[in-house]
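K.L.:
Next come a sequence and a model predicted from it.
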There are 2 protein chains.
Amino acid sequence: MKTTGRRRAEHDEEGAQSRILHAAEELFANSGIDGTSVRQIAEKADVPVGLINYYFGSKEGLYRAIFQARAPVVVEERRVGLAMAAMEDDPRRRLEMIVKAILVPMLNLRSREGINHFSLLLARETGDPRSTERGILQEMFDPIAREIIGQLKLIWPQRSDAEVHWAYQMIIGVMIFIMADGGRITRLSEGRADPENVDDTLRIVVPLLLNGLASG
Amino acid sequence: MKTTGRRRAEHDEEGAQSRILHAAEELFANSGIDGTSVRQIAEKADVPVGLINYYFGSKEGLYRAIFQARAPVVVEERRVGLAMAAMEDDPRRRLEMIVKAILVPMLNLRSREGINHFSLLLARETGDPRSTERGILQEMFDPIAREIIGQLKLIWPQRSDAEVHWAYQMIIGVMIFIMADGGRITRLSEGRADPENVDDTLRIVVPLLLNGLASG
DNA sequence: CATTAATTTGAACAAGTGATCAATCATGTT
DNA sequence: AACATGATTGATCACTTGTTCAAATTAATG
């Protein structure tokens, strides 16, 4: 058989392959791909070093595997939210639903089971110039990005392409920044603004995005 | 004497110390502090490896030195812009001037003389969880951040602290995201949105921030 | 010129890097 | 039991890492 292996019983009820993925996700998120060694990952996952290359081929292979495991979930949630938005008639409501379709799947990751680290990792990858060479974001996120931008164009037929694209990038930028925050927001606000609190964050940030800074 | 040294004449009319700073800035921006080796820096700056530790003590010392050279310039420009904004009576105009005081000093770096790399570097540092340990951002940017937030509170006396802080973070988030972009914005928009073009970017992004996505 | 101090140089060091691989182990199948 | 198959192990490889340092070089001073 291929699926079971040595019928997992010796460790924390979690297969070695999965333990490696989780350990790597956390370490990569906190220290980046260059700041993390395979030996650190092996130690955290409690596996011998060799096993990492056995399963994932290389360090970068492991890096990609994390995205291949996580990205489709986020993308699918976004696609669902986008489809629901498309059924809404009122353009104002439709816009709000699109914005939430972008933000919610990622913000939820921050407070869900041990998955908090992927949002950090994705933010890191987005800010890395060498991300282009790896092509992970192109491959996994460009398609849904184009779908969203297409929907935005339907809402704003009178706006230029540049304006629509900048509006989209502004939403993504705010999301990434919230995801990537390692405590600075909480520190500066002395706890009054806290990204961990998804409900409060959405309640304040979504209107800010929709209405801008000037109004309300 | 301590200032002159060997009266610079042998290389590109630029002192070794300065060449190291410039080379390191570019490499750190593109590959991060962990993805860059002191030997790469030494080669790019055309100096022997030992000289880097002689001048800057350590790799991290060099990293800090870059911020110590650049940050005060940006902070001072922001302070000037903020002071000008404080003299404006109309709250709407004052808000716009504050937003520009935040954005313009950094966006200009992208298109000025070879300094483009610092904006990338700052974006990277902002997104790095280990940035807290280094304390560079606390030390150099928290003061001006508090000043700006104070000004925003004067504009919005009726808003909660959390709302004001989130509004500030939203401005910073958009700025960082634009600075950090390594081509994804241009690629997705097929050139119609281009962060290199500061004037167009400001013309579109500032109203988007001020008026939000819904209006205009 | 002699002295002193600052700078420059590249070799050397210990520790760590990602990757490889023969050997061992566990398991299910015949 | 015998075999096959995939999983596991840790020693080992060739390099690279940041840092140190004695020696060489250069410049300023008396």
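P.N.:
Noted; the coordinates are in hand.
K.L.:
Name the residues of stretch A:180-188 that come out as buried.
P.N.:
For stretch A:180-188, the neighbour count (16 or more other CB atoms under 10 Å in any protein chain shown) marks A:Ala180, A:Asp181, A:Gly182, A:Arg184, A:Ile185, A:Thr186, A:Leu188 as buried. To be clear about C-beta, it is placed using only N, CA and C from the backbone, and glycine gets the same treatment.
K.L.:
And A:Ala45, how far from A:Ala24?
P.N.:
Noted for A:Ala45: a distance of 8 Å to A:Ala24, by CB to CB, to the nearest Å.
K.L.:
neighbour count winner among these two?
P.N.:
The neighbour comparison of A:Ala45 against A:Ala24 (other CB atoms under 10 Å in any protein chain shown) goes to A:Ala24, with 27 against 23.
K.L.:
so what's the more buried one up against?
P.N.:
A:Thr36, A:Ile41, A:Ala45, A:Leu62, A:Tyr63, A:Ile66 (CB atoms under 8 Å, 6 or more residues apart in numbering or on different chains).
K.L.:
Can you tell me which of the buried residues of stretch A:180-188 is closest to A:Leu208?
P.N.:
Nearest to A:Leu208, judged by CB to CB, of the buried residues of stretch A:180-188 is A:Ile185 at 13.8 Å.
K.L.:
Now for the closest one: which residues touch it?
P.N.:
A:Ile178, A:Ala193, A:Asp194, A:Pro195, B:His165, B:Gln169.
K.L.:
Show me these that map onto helices.
P.N.:
A:Ile178, B:His165, B:Gln169 (DSSP state H).
K.L.:
my guess is the first one meets B:Val174, correct?
P.N.:
No. Taking contacts as CB atoms under 8 Å, A:Ile178 lies outside contact range of B:Val174: 11.7 Å.
K.L.:
Where does the prediction get shaky in chain A?
P.N.:
A:1-13, A:110-115, A:215-216 (pLDDT under 70).
K.L.:
And the strands in it?
P.N.:
Ranges of strands within chain A: none, based on DSSP state E.
K.L.:
can you point me to the longest helix in it?
P.N.:
From DSSP H, the single longest helix across chain A is helix A:59-86.
K.L.:
ok, and does that one reach over to DNA strand C?
P.N.:
Yes. Judged by CB under 7 Å from any atom of the strand, helix A:59-86 comes into contact with DNA strand C at A:Lys59, A:Glu60.
K.L.:
just checking, what packs against that helix?
P.N.:
Judged by 3 or more CB pairs under 8 Å, 6 or more residues apart in numbering or on different chains; DSSP states H and E, the packing partners of helix A:59-86 are helix A:16-31, helix A:38-45, helix A:50-56, helix A:91-111, helix A:116-127, helix A:131-134, helix A:136-155.
K.L.:
check contacts around the closest residue to A:Ala42 other than its chain neighbours.
P.N.:
Nearest non-adjacent residue to A:Ala42, counting by CB to CB, 6 or more residues apart in numbering or on different chains: A:Val49, 4.6 Å away. Contacts of A:Val49 were listed using CB under 8 Å, 6+ apart, and they are A:Val38, A:Arg39, A:Ala42.
K.L.:
what do you get if the cut-off is 10 Å, keeping everything else the same?
P.N.:
The contact partners of A:Val49, taken as CB atoms under 10 Å, 6 or more residues apart in numbering or on different chains, are A:Ser37, A:Val38, A:Arg39, A:Ile41, A:Ala42, A:Glu43.
K.L.:
before we move on, what about A:Asn30?
P.N.:
A:Asn30 neighbours (CB under 10 Å, 6+ apart): A:Thr36, A:His117, A:Leu120, A:Leu121, A:Arg124, A:Gly182, B:Asp128, B:Pro129, B:Arg130.
K.L.:
I'd like the distance from the nearest residue to the first one once chain neighbours are set aside to A:His117, if you could.
P.N.:
Computed as CB to CB, 6+ apart, the closest residue to A:Thr36 that is not its neighbour in sequence is A:Leu27, at 4.4 Å. In this view, A:Leu27 and A:His117 are 9 Å apart by CB to CB.
K.L.:
Pull the number of nearby residues for A:Ser18.
P.N.:
Residues near A:Ser18, counting by other CB under 10 Å: 14.
K.L.:
One more: the one 5 residues further on?
P.N.:
Other residues within reach of A:Ala23 by the criterion other CB under 10 Å amount to 21.
K.L.:
Repeat that for A:Leu210.
P.N.:
17.
K.L.:
That one touches A:Leu103, doesn't it?
P.N.:
No. Contact criterion CB atoms under 10 Å: A:Leu210 and A:Leu103 do not qualify, at 11.6 Å.
K.L.:
Would you mind splitting chain A into its domains for me?
P.N.:
Chain A is divided into the following domains under automatic domain parsing: A:1-57, A:68-214.
K.L.:
For these, state which one has the densest average packing.
P.N.:
Highest mean neighbour count of the domains of chain A: domain A:68-214, a mean of 18 (counted as mean count of other CB atoms under 10 Å in any protein chain shown).
K.L.:
if we can go back for a sec, find residues that contact each of A:Ala45 and A:Ala24.
P.N.:
A:Ile52.
K.L.:
A:Gln40: what's it in contact with?
P.N.:
A:Ala23, A:Ala24, A:Leu27, A:Ser31.
K.L.:
Looking at the residues you listed, which is nearest chain B?
P.N.:
A:Ser31 (6.7 Å; CB to the nearest CB).
K.L.:
Kindly provide the distance from the nearest residue to the closest one once chain neighbours are set aside to A:Gly35.
P.N.:
Excluding the flanking residues, the one nearest A:Ser31 by CB to CB, 6+ apart is B:Arg130, at 6.7 Å. Distance from B:Arg130 to A:Gly35, counting by CB to CB: 8 Å.
K.L.:
Quickly list what's touching both of those two.
P.N.:
With CB under 10 Å, 6+ apart as the test, B:Arg130 and A:Gly35 both reach B:Ile33, B:Asp34.
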